[in-house]
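[1] Test case, fold it:
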Amino acid sequence: MKPFNPRLLQHAKDAKKYIILLVITGTFSTALILAQSFFISRAITPIIDKSQTLSQVMWAVYSLIAVFAMRIAISYINEAYGHRAALRTIYDLRTQVIEHAGKLGERWLAGGKISSTITLVTEALDDLEPYFVKFLPQLILVSTVTPITLGVIIWTDWISAIAIIVCMPLIPLFMILIGKQTAEYSNKRLASMQALGQQLLDLLSGLSTLKALGREKGPRRTVAELGDDFAKKTMKTLYVAFLSGAALEFLTTLSTAIVAVEVGWRLQTGNIDLFSGLLIIMLTPEAFKPLREVGSQFHASSDGVAAAEGVFAILDEPLSSHDGILECPDLSSSTIRFDDVSVKAPGRTTIAPAHFNATIEPQKITLLRGRSGSGKSTSVSTLLRFVEPSEGHIYINDIDIANISHESLWKNITWVPQRPAIIPGTILENLGCEDVSQELIDASTLTGFHSIVQELPKKWNTIIGHGGTGLSVGQRQRLALTRAIITPRPLVILDEPSAHLDAMSEEDVVRTIQHLKEKGNTVLVIAHRKSIDRYGDAIFHVTSTTTSKQTEIATTHTSPTHSRTSEENHE
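    Residues are numbered from 1 along each chain as shown. The predicted model follows:
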C-alpha cells in the first residue's frame, strides 16, 4: 500500500488542486513555525537574563499572537478545503467506476462483481476522506517542515542536529514495520465488508421469495457470522492503529527528551547561549511532528487507500469493446442489420446466438423468438454494445455499429429489460415526471398502470424501494412500459414484456407496442409467447449451438404467418 498514489491525481482533478494548495500552505506553515519559535525565544531570553524589560519585548509578543492566528487560519483552510476535495474526489471516483463497470458489460458484472462493486463505491470509498483531511497534509509537511526545520537547527547548533538525525530514522522504520501489518488488515477488512454487503444485497433481493417459503430466518446465522467477522477485522485494524500511535509517540518523546537533556547540559556548561538553546528545544518537536502524524494518520486512512486501490483495479479492467467516434443515425428511419452474428459464452462451449441474421426495418414491430438460452437477450446486448460479437457484425445503414460511440447509440434507444431499473423514491421520480400530467395519465392507462397507482396509499407519490420493492414483478414491468411511452426514443427494445403478466394484462402490452409503432418508433420485442406473433411485422428465430457442432440455425422471416409455421416445424 503506497502512502501516496499518483493515480489519484490522474483520476480526480480536485485532488490535484488540493495537492497544490497543500504545497503552498505547507511552505507558509514552515515559515510560521520558524517565526513562532524565534519570537518565543526572542521574548523570553531578554526577560530571563534581565537585559530588557517586558515593555521592550512586547513587539515579539504581538508578533507571536499574529503568528498563532495565521497558523489557526491555515489549519482551518486545509481542513475545510480538504473535506471538499475529498468529497469531490470520492464523487469522481464513484462516477468513473460506475461508468466503467457499465461499459464492461453485464457479463463482467454477472461474474460476482455486482455486490462488491456496489459496496466499494458506497461505504468503502467514504473511508478515503480521512486520507485527504488528516494524512495528506502531514505528508506534505514532512517534505517541507522537517527538512527546513532540520536545516535551521544545523545552522544554529550542529551538535543538536546530529542527535536529531540519529533518532529520526527510527520513526519511518517503525512506520514501515507496523504499516505492512496495517495494510494487510485493511485489505482483509475491505474484503470482509464486500462479502457482508454482497450477502445482504442477495438476501434483500430474494427476501420476498424466502418469506413466501417461510425461510426468511434461515440466513440470519450467516449474516451474523459475516457481521462478526467484519467487526473483528475492524477492531484489529484499530488495534494496530492505536499501537502504532503509541509507538510513534514514545519514539518522538524520547528523541525530543534526548535533545532537551543535551541542550540543558550544555547550557549549564556555557557551551550554548539561552536563545539558541530555547530555539532548538522548540524546533525539535516541530521537526518530528510531521513524521509522527504521518505514521499515526496513515493507519487511520489506510482503509480509504485500500478502497482507492480497489477502484483502480476495476478501472484497469480492459473494456471488451472500443468506443466509436461516429454519431448514430436516426433509428426512426434507419435499418439495423445483423450479419452472421455469433456470441460464444465465456468459459463454455455454447454459442448463443449462432450465425444470427436479421434486418430490423424502421417504424416496424420486429419480434425475436427462440427457446430459453438460445441467445435472444444476448442478441439485444450486442445491439446495445454490452457484449461484442465473437463473429459477424451489426450495421446501421451500412455503418458498422462498432464505429458508433456508445453515448450516441444509447441516446437513440429505450431499453426495457426483464428486470427494469427502479431506484428508491416515488413513482413519479421513477417515471421522470415532476407532476401528474394528462400525458402521464394517458400513458399509464394504456399500460394498465394507472389503475394500480390509484390503489396505492399515496398514489403517484408512493415511495418504492430498491429494485421496485413494494410493487409486484408485473407492476414493475407496467411501470417500465409507462416510462418507455413517456420518454420514447427512436428505437424501443422490450425484453419479454409479458413474461410476468396474465393473458388479460398481455393485451395492455400489445396496445403499448402498437401505440409506439403508431408514433413512429421502431420496436424490437423479445417475445416468449406466441400470442404476440400476429402483431409483428417481422419475426426472427434465434437459436444456439456448440463449438463441437456449429450449424447455422438463425433463420430470417419477413412474414409473421410464415414465421409461425416454420417455428412449429422446428420445435
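[2] tell me, how many neighbours does P424 end up with?
    14 (other CB atoms under 10 Å). C-beta here means a position set from N, CA and C on the backbone, and glycine is covered the same way.
[3] Kindly list the main-chain dihedrals of it?
    When quoted as degrees, to the nearest 10, the phi and psi of P424 stand at phi -60, psi 130.
[4] Who are the contact partners of L267?
    Each residue near L267 by CB atoms under 8 Å, 6 or more residues apart in numbering is listed here: L274, G277.
[5] if I look at it, how far off is D273?
    As defined by CB to CB, to the nearest Å, L267 lies at a distance of 8 Å from D273.
[6] Check T30 too.
    Taken as CB to CB, the span from T30 to D273 is 24 Å.
[7] These two - which one has more neighbours?
    The neighbour count for T30 versus D273, taken as other CB under 10 Å, is higher for T30 (20 against 14).
[8] ok, that one to V542 distance?
    69 Å.
[9] List the contacts of V341.
    With the criterion set at CB under 8 Å, 6+ apart, V341 makes contact with P353, H355, F356, N357, S379, T382, P389, E391, G392, H393, I394.
[10] For the nearest residue to E327 once chain neighbours are set aside, which residues are in contact?
    Leaving out its chain neighbours, the residue that sits closest to E327 by CB to CB, 6 or more residues apart in numbering is S408, at 4.9 Å. If a contact means CB under 8 Å, 6+ apart, then S408 has L326, E327, C328 as its contacts.
[11] Please identify the helix or strand for S408.
    Under the criterion of DSSP states H and E, S408 resides in helix 406-410.
[12] Can you say which helix or strand has A86 in it?
    When elements are defined using DSSP H and E, A86 is found to belong to helix 58-104.
[13] how far does that helix sit from the chain's center?
    Distance, stretch centre to chain centre, for helix 58-104: 21 Å (CA atoms, centre = their mean, to the nearest Å).
[14] Run through the neighbouring helices and strands of it.
    Contact partners of helix 58-104 among helices and strands, from 3 or more CB pairs under 8 Å, 6 or more residues apart in numbering; DSSP states H and E: helix 7-11, helix 13-48, helix 125-126, helix 129-130, helix 136-156, helix 274-315.
[15] Quickly compare the ones you listed and say which is most buried.
    Comparing these on average neighbours per residue, with mean count of other CB atoms under 10 Å, the densest one is helix 274-315 at a mean of 22.
[16] Give me the distance from that one to the chain's centre.
    Offset of helix 274-315 from its chain centre (CA atoms, centre = their mean): 27 Å.
[17] can you dump the C-alpha coordinates of the very next helix or strand once past that helix into CSV?
    Using DSSP H and E, the helix or strand that directly follows helix 274-315 along the chain is strand 336-342. These are the backbone C-alpha positions of strand 336-342, laid out as CSV (Å, rounded to 0.1, in the frame of the first residue of the first chain):
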residue,chain,number,x,y,z
ILE,A,336,-30.5,-2.3,-38.5
ARG,A,337,-28.9,-5.4,-39.9
PHE,A,338,-27.4,-8.4,-38.0
ASP,A,339,-24.9,-10.1,-40.3
ASP,A,340,-24.0,-13.7,-39.2
VAL,A,341,-23.7,-12.7,-35.6
SER,A,342,-22.4,-15.3,-33.1
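[18] Check which residues of strand 336-342 are buried.
    Within strand 336-342, the residues that count as buried by 16 or more other CB atoms under 10 Å are I336, R337, F338, D339, V341, S342.
[19] Can you tell me the closest non-neighbouring residue to the fifth one?
    Meaning V341. Nearest to V341 is G392, by CB to CB, 6+ apart, at 3.8 Å.
[20] mean confidence for the helix or strand harbouring the one you found?
    Element membership for G392, per DSSP H and E: strand 391-396. Mean per-residue pLDDT for strand 391-396: 90.
[21] Same check on stretch 512-532?
    The model assigns stretch 512-532 a mean pLDDT of 82.
[22] for stretch 224-238, same thing?
    Stretch 224-238 comes out with an average pLDDT of 73.
[23] what does stretch 160-173 give?
    The average pLDDT for stretch 160-173 rounds to 77.
[24] Number the chain from 5, please
    With the count now opening at 5, the last piece we talked about shows up as stretch 164-177.
[25] since we're on the closest residue to K463 other than its chain neighbours, how many residues are nearby?
    What sits nearest to K463 in space, not counting adjacent residues and going by CB to CB, 6+ apart, is V457, at 5.5 Å. Close neighbours of V457, defined as other CB under 10 Å, add up to 22.
[26] quick one: V457 and T451, what's the gap?
    Taking CB to CB as the measure, V457 and T451 are separated by 11 Å.
[27] now swap in K107 and tell me
    When CB to CB is applied, the distance between K107 and T451 equals 31 Å.
[28] and if you look at G396?
    When CB to CB is the yardstick, G396 and T451 sit 35 Å from each other.
[29] Who has more neighbours out of those two?
    Between G396 and T451, counted using other CB under 10 Å, the more crowded position is T451 (24 against 17).
[30] Excluding residues flanking it in the chain, which one is nearest that one?
    The shortest distance from T451 to any residue other than its chain neighbours is 4.4 Å, reached at L485 (CB to CB, 6+ apart).
[31] number of nearby residues for the one you found?
    Counted by other CB under 10 Å, the residues lying close to L485 total 28.
[32] Domain map for the chain?
    In the domain annotation for the chain, the residue ranges read 11-319, 340-574 (automatic domain parsing).
[33] Figure out which of those domains is closest to H326.
    Comparing these by their distance to H326 (CB to CB), the top pick is domain 340-574, with 7.3 Å.
[34] show me the contacts for G86.
    G86 makes contacts with Y22, F136, V137, L140, P141, as judged by CB under 8 Å, 6+ apart.
[35] check contacts around the residue nearest to K463.
    If a contact means CB under 8 Å, 6+ apart, then V457 has I431, S448, K463, W464, T466 as its contacts.
[36] Kindly report the same for L323.
    Remark: with contacts taken as CB under 8 Å, 6+ apart, L323 is in contact with H104, K107, L108.
[37] With I158 instead?
    The contact partners of I158, by CB under 8 Å, 6+ apart, come to A165.
[38] K138: neighbour count?
    Per other CB under 10 Å, the neighbour tally for K138 reads 18.
[39] That one and N82: what is the separation?
    Distance from K138 to N82, by CB to CB: 10 Å.
[40] now do L450
    Taking CB to CB as the measure, L450 and N82 are separated by 58 Å.
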